[in-house]
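**Q** Got a sequence here, can you build the structure:
(2 chains)
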Amino acid sequence: MIRSRTLAGFSSLLRAELADLFQYRIEMFLYGLWQVVNPIIYLVIWSTVVGGGDIAGYTRDDFILYYLVFMAVSHLTLAIEVYTMAPSIQSGRLSPHLLRPLHPFWRAGALNIAYKAVNLMFLIPIWVGLALILRPAVDPDWLGIALFVPSMVMAALISFLIGSCFAMFAFWTTRSMSFWDIWMSLTLLLGGQVAPVAVLPGFLQQAAVVLPMRYTVGFPIEVALGRVQGAELVGGLAIQAGWTVAAAAAFVLLWRSGVKRYGAVGA
Amino acid sequence: MIGRLARIAGAYFRSALQEEFAYRGDLFGNVIRSVLNLGTAIGGVVVIFTHTETLGGWTLGQTLSLLGIFVFVNGFVAMFMSPSLNRVVEEVREGTFDYVLMKPVPALFLASARRFAVWHVSDIVLGAIVLGVALAGLDVRASGWGVLLFVALLACGVAIVYAIWLALTTLVFWFVRVANVTMIFNLFFQTGRYPIEVYPFWLRQLLTFVFPVAFVTTVPAQAVTGRDPSWLVWVAPVIAVVTLLAATRFWHFGLSRYTSASS
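**A** Modelled structure (predicted):
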């Protein structure tokens, strides 16, 4: 009963956010271009650097394919909570949402999904267009493609939960954005944007395998392209599941202590 | 007139400084942010150079010099330009831009030099350090003329950035809910992290003539690292003056269309 009420609430929130964001589709599109331009920079750099050979098993075609998939995955796993939740915590606009019979993060989740959905109408043509222009050779790995879906869902979840945690830093500091900047630049290096994790030098690679950044964007791509196999694949999915649980725990803890503090400040 | 404007800008700057020191804890967080951002940026460049000797003809040291310039300019823009111009976007949306127009100083001045994000000074300093260290490793002999040329080119680059930013901000007079200008600008500015020679021909043209990032990082870096300066060195001042004039004209044109919020 309670579950179905939550779901009904969530789906009407989702419809409302979709209708709202659709009004601002051009603005949303400009934000969405981030997930196109950045991968293109590294696509260009690596396809120049690799030349006719290969780096850690990645040929020119593989780099192109990697960054094309990266565009889609980084859009679909993007966390926008620092831009949506943090300002409403800071300004006090969170208050009315605390009175509703639905946890405020359902609304944040609806907004997150709506943003991604609205942008797809621009981004899918761009992705398809780029794929048609660049035409990388594809050798499909069906197991990887099948496992891509759960890995992608976990990545989006980790990303949303961690993004929300950073947004909740706004309960304590006025500059939650600074912390988010740090997280993003670490994700840039260790999450698979600057280079696929396999291309990173030894110690960075070891760090990337353990830390959560890779599991918010790079790992699903590696799974889809069949870059991780056997024990590595199973281990990676296990680590990803572990980070999903850890992120959820951090989310719950931060919310409980943060919302108390919010009341105490009287914002 | 100039003296008076300078005094006003100085007063705004002092108030920004005082505000900053009221939140010293945040200041510390910002320094950490700058250091880590820079660390990962350098890490990215080093990762690329573990697999190649040169990138678009640029060596590791030269590319790091360019990164230093990028971080420096980025910090400069974030400290001196974006806070004021972003405020304009908010004010036009809320209608409070009326108060700016009522003040007895040019609106363009208030729109450009009212707010400062002092904490970004850490980016400016770190960018300069990276540039200095990279240059020391390159062993380029700096002549007085060379330094002068570099500073002039850097100034041109900053002027171009200001012009682009002002033009983007001016769009708010037509599209009240103009997107976050910082996001749009940074989106294209990211391409300036790497030398322009890396990109394919069409993108290079785009980044030279349409969104002239080339003049902001690549051209000054060419001059300072002792690479053969391209003909772009001589075009930079022309582009700077033209974009500045065009942007201010566009601003005044946009301003004449301002109809306040509630009407």
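**Q** Around chain B, which positions in the stretch 1-150 of chain A sit nearby?
**A** With C-beta under 8 Å from any C-beta of the partner chain as the criterion, the stretch 1-150 of chain A meets chain B at residues A:24, A:26-27, A:30-31, A:33-34, A:37-38, A:41, A:44-46, A:48-50, A:55. In short, each C-beta sits where N, CA and C put it, glycine included.
**Q** Enumerate the residues of the stretch 101-250 of chain B near chain A.
**A** So the stretch 101-250 of chain B meets chain A at B:177-180, B:183-184, B:187-188, B:190-191, B:193-194, B:198-200, B:203 (C-beta under 8 Å from any C-beta).
**Q** Can you give me the pLDDT of the residue nearest to residue A:93 when sequence neighbours are not counted?
**A** Leaving aside its sequence neighbours, residue A:93 sits nearest to residue A:87 (C-beta to C-beta, 6 or more residues apart in numbering or on different chains; 7.6 Å). What the model reports as pLDDT for residue A:87 is 86.
**Q** What helix or strand is residue A:87 located in?
**A** Using DSSP states H and E, residue A:87 falls within helix A:81-91.
**Q** Can you give the distance from that helix to the centre of its chain?
**A** Distance of helix A:81-91 from the chain centroid (C-alpha atoms, centre = their mean, to the nearest Å) equals 18 Å.
**Q** For the helix or strand just after it, name the packing helices and strands.
**A** The helix or strand immediately downstream of helix A:81-91 is helix A:95-99, counting by DSSP H and E. Packed against helix A:95-99, as judged by 3 or more C-beta pairs under 8 Å, 6 or more residues apart in numbering or on different chains; DSSP states H and E, are the following elements: helix A:104-134.
**Q** between the helix it packs on and helix A:81-91, how big is the angle?
**A** 150 degrees (axes from the mean of the first three to the mean of the last three C-alpha atoms, to 10 degrees).
**Q** Could you name the helices and strands sitting against helix A:104-134?
**A** So helix A:104-134, by 3+ C-beta pairs under 8 Å, 6+ apart, packs with helix A:2-23, helix A:25-32, helix A:34-50, helix A:60-76, helix A:81-91, helix A:95-99, helix A:142-168.
**Q** quick one: the fourth one to chain centroid distance?
**A** For helix A:60-76, the separation from the chain centroid amounts to 14 Å (computed by C-alpha atoms, centre = their mean).
**Q** same check, this time on the first one
**A** A distance of 21 Å separates the centroid of the chain from that of helix A:2-23, by C-alpha atoms, centre = their mean.
**Q** before we move on, what about the last one?
**A** Here the centre of helix A:142-168 is set off from its chain's centre by 7 Å, with C-alpha atoms, centre = their mean.
**Q** Could you name the helices and strands sitting against the following helix or strand past that helix?
**A** Proceeding N to C from helix A:142-168, the next assigned helix or strand is helix A:176-190, under DSSP H and E. With contacts taken as 3+ C-beta pairs under 8 Å, 6+ apart, helix A:176-190 sits against helix A:81-91, helix A:142-168, helix A:202-210, helix B:24-49.
**Q** Put the alpha carbons of helix A:176-190 into PDB.
**A** The C-alpha trace of helix A:176-190 is given here as PDB (Å, rounded to 0.1, in the frame of the first residue of the first chain):
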ATOM      1  CA  SER A 176      29.300  22.300  -1.300                       C
ATOM      2  CA  MET A 177      30.200  23.100  -4.900                       C
ATOM      3  CA  SER A 178      33.900  23.100  -4.100                       C
ATOM      4  CA  PHE A 179      33.700  19.500  -2.800                       C
ATOM      5  CA  TRP A 180      31.800  18.500  -5.800                       C
ATOM      6  CA  ASP A 181      34.500  20.100  -8.000                       C
ATOM      7  CA  ILE A 182      37.000  17.900  -6.300                       C
ATOM      8  CA  TRP A 183      34.900  14.800  -6.800                       C
ATOM      9  CA  MET A 184      34.400  15.700 -10.500                       C
ATOM     10  CA  SER A 185      38.000  16.200 -11.200                       C
ATOM     11  CA  LEU A 186      38.900  12.900  -9.600                       C
ATOM     12  CA  THR A 187      36.200  11.300 -11.700                       C
ATOM     13  CA  LEU A 188      37.700  12.900 -14.700                       C
ATOM     14  CA  LEU A 189      41.100  11.200 -14.000                       C
ATOM     15  CA  LEU A 190      40.000   7.900 -12.400                       C
END
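**Q** neighbouring contacts of that helix?
**A** Helix A:176-190 has contacts (C-beta atoms under 8 Å, 6 or more residues apart in numbering or on different chains) with A:82, A:86, A:162-163, A:166-170, A:173, A:193-194, A:197, A:200, A:204, A:207-208, A:211, A:213-214, A:216-217, B:26, B:29-30, B:32-33, B:36-37, B:40-41, B:43-44, B:47.
**Q** Output the lowest mean pLDDT helix or strand found in chain B.
**A** Lowest by mean pLDDT, DSSP states H and E among the helices and strands of chain B is helix B:181-189, with a mean of 82.
**Q** list the buried ones in the helix or strand following that helix?
**A** For helix B:181-189, the succeeding helix or strand toward the C-terminus, using DSSP H and E, is helix B:201-205. Buried residues in helix B:201-205, counted by 16 or more other C-beta atoms under 10 Å in any protein chain shown: residue B:204.
**Q** that older thread, any idea which of the helices and strands packed on helix A:104-134 is most buried?
**A** helix A:60-76 (a mean of 22; mean count of other C-beta atoms under 10 Å in any protein chain shown).
**Q** on contacts alone, who are the packing partners of that one?
**A** Going by 3+ C-beta pairs under 8 Å, 6+ apart, helix A:60-76 lies up against helix A:34-50, helix A:104-134, helix A:142-168, helix A:218-224.
**Q** possible to save those as TSV with distance to residue A:72 and mean pLDDT?
**A** Shown next, in TSV, are those (distance: least, C-beta to C-beta, whole Å; pLDDT from 0 to 100):
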stretch	distance to residue A:72	mean pLDDT
helix A:34-50	8	92
helix A:104-134	6	93
helix A:142-168	9	95
helix A:218-224	9	96
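**Q** what's the closest of the ones you listed to residue B:217?
**A** helix A:34-50 (13.2 Å; C-beta to C-beta).
**Q** Show me how to select, in ChimeraX, the buried members of the residues of the stretch 101-250 of chain B next to chain A.
**A** Entered in ChimeraX, the line below selects the buried ones among these, by 16+ other C-beta under 10 Å:
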select /B:178,179,184,187,188,190,191,193,194,198,199
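**Q** quick one: which of the residues of the stretch 101-250 of chain B next to chain A is nearest to residue A:238?
**A** Distances from residue A:238 to these, taken by C-beta to C-beta, are shortest for residue B:190, at 34.2 Å.
**Q** so which residue of the stretch 1-150 of chain A comes closest to chain B?
**A** residue A:27 (4.1 Å; C-beta to the nearest C-beta).
**Q** And the pLDDT at that residue?
**A** 78.
**Q** And residue B:171, by the same measure?
**A** 87.
**Q** where does it land in three-state SS?
**A** helix (DSSP: H, G, I helix; E, B strand; the rest coil).
**Q** that older thread, any chance of the helices and strands packed on helix A:60-76 in a markdown table, with distance to residue B:132 too?
**A** Output for the helices and strands packed on helix A:60-76, formatted as a markdown table (distance: least, C-beta to C-beta, whole Å):
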| stretch | distance to residue B:132 |
| --- | --- |
| helix A:34-50 | 25 |
| helix A:104-134 | 39 |
| helix A:142-168 | 33 |
| helix A:218-224 | 34 |
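**Q** Which among those helices is found nearest to residue B:245?
**A** Per C-beta to C-beta, nearest to residue B:245 of the helices and strands packed on helix A:60-76: helix A:34-50, 28.3 Å.
**Q** which strands and helices sit next to that closest one?
**A** helix A:60-76, helix A:104-134, helix B:24-49, helix B:181-189.
**Q** With distance to residue B:104 as new columns, can the helices and strands packed on helix A:176-190 be given to me in TSV?
**A** Listed next are these as TSV, based on distance: least, C-beta to C-beta, whole Å:
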stretch	distance to residue B:104
helix A:81-91	32
helix A:142-168	41
helix A:202-210	57
helix B:24-49	34
